[in-house]
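**Q** Attaching a predicted model along with its sequence, questions to come.
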Amino acid sequence: MTLPKIILLVGMPASGKSTIGAALATRLGYRFTDTDILIKKQENKSVPAIFAQYGEPYFREKEKQLIPQLATLPNPTVIATGGGLPCFWDNMEQLLQVGTVVFLDTELRTLYQRLLAKQAARPLVAGQSPEQLNRWLTERYNLRVPFYQKAHFRISVTDSERVEEIVTKITDTLTA
Ligand SMILES: Nc1ncnc2c1ncn2[C@@H]1O[C@H](COP(=O)(O)OP(=O)(O)O)[C@@H](O)[C@H]1O
Ligand SMILES: O=C(O)C1=C[C@@H](OP(=O)(O)O)[C@@H](O)[C@H](O)C1
Ligand SMILES: [Mg+2]
């Protein structure tokens, strides 16, 4: 099977979408973009600053408004999405029309460790105790997984897997 020209990565925060997306694009010789970076450029503010200044609903509106623009990006492109983007309105249905959507299903234990290490930079989890973070992650995963599961493909990721191994898993799946 030939590789799709637009590949979108969805999944929980810290699942590796931005990191794996960039590495996948390099491997395939595709362009790479990230919805968080596009919003940051548009607003001329970091994602935490947008949350702090205008609140989450404003950020979600910006994410929603971005989707039609994703369909007009030059091909071929890998797009990493923000973790919450597919989980509002009919955003996931729209993403499925834009290109081939891959759900990076990274185990909760790994997400927890990564979020704990870089908690302050992430507005949704900043200031939580380790127990609160653990509970938040499980609840959020359960709420979001019905959206992520609509993806064309699901790749499970465990703690020990290196970026390049995950990239190979994705390309193998997409060409099987
Ligand atoms: N396979 C991996 N192995 C080790 N660390 C990883 C891996 N994938 C991502 N990371 C690290 O996990 C953190 C979150 O990754 P990131 O790509 O920002 O996730 P997302 O975009 O899904 O929030 C980053 O610090 C990144 O370096
Ligand atoms: O899960 C979320 O709701 C969010 C995830 C973040 O992106 P990553 O998934 O790339 O961390 C970013 O869009 C924002 O902080 C909200
Ligand atoms: Mg990201």
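**A** Sure thing, it's come through. Ligands and ions are numbered 1, 2, ... in the order given.
**Q** tell me the contacts of residue 138?
**A** Applying CB atoms under 8 Å, 6 or more residues apart in numbering, one finds that residue 138 lies in contact with residue 108. In this view, the C-beta of every residue, glycine as well, is placed from N, C-alpha and C.
**Q** Residue 85 versus that one, what's the distance?
**A** Residue 138 sits 20 Å away from residue 85, going by CB to CB, to the nearest Å.
**Q** Same check on residue 124?
**A** Using CB to CB, one obtains 13 Å as the distance from residue 124 to residue 85.
**Q** Of the two, give the one with the bigger neighbour count.
**A** Between residue 124 and residue 85, counted using other CB atoms under 10 Å, the more crowded position is residue 85 (26 against 16).
**Q** Count the neighbours of the nearest residue to that one once chain neighbours are set aside for me.
**A** What sits nearest to residue 85 in space, not counting adjacent residues and going by CB to CB, 6 or more residues apart in numbering, is residue 63, at 4.6 Å. Using other CB under 10 Å, residue 63 has 22 neighbouring residues.
**Q** Now that residue 63 has come up, it's in contact with residue 92, right?
**A** No - the pair formed by residue 63 and residue 92 falls short of the contact definition of CB atoms under 8 Å, at 11.7 Å.
**Q** elements contacting the longest strand belonging to the chain?
**A** Using DSSP state E to define each element, the chain has its longest strand at strand 100-106. Using 3 or more CB pairs under 8 Å, 6 or more residues apart in numbering; DSSP states H and E as the contact criterion, the secondary-structure elements in contact with strand 100-106 are strand 6-10, strand 153-157, helix 163-175.
**Q** near ligand 1 at all, it?
**A** No - contact between strand 100-106 and ligand 1, assessed by CB under 6 Å from any ligand atom, is absent, since the two come no nearer than 6.8 Å.
**Q** Show me the one of the helices and strands packed on strand 100-106 that comes nearest residue 59.
**A** Ranking the helices and strands packed on strand 100-106 by their distance to residue 59 (criterion: CB to CB) puts strand 6-10 first, at 16.6 Å.
**Q** Tell me who's in contact with the residue lying farthest from the centre of the chain.
**A** Here the chain has its C-alpha centre computed as a mean, and the residue farthest from that point, by CA atoms, centre = their mean, is residue 1 with 24.7 Å. Residues touching residue 1, when contacts are defined by CB under 8 Å, 6+ apart, comprise 174, 175, 176.
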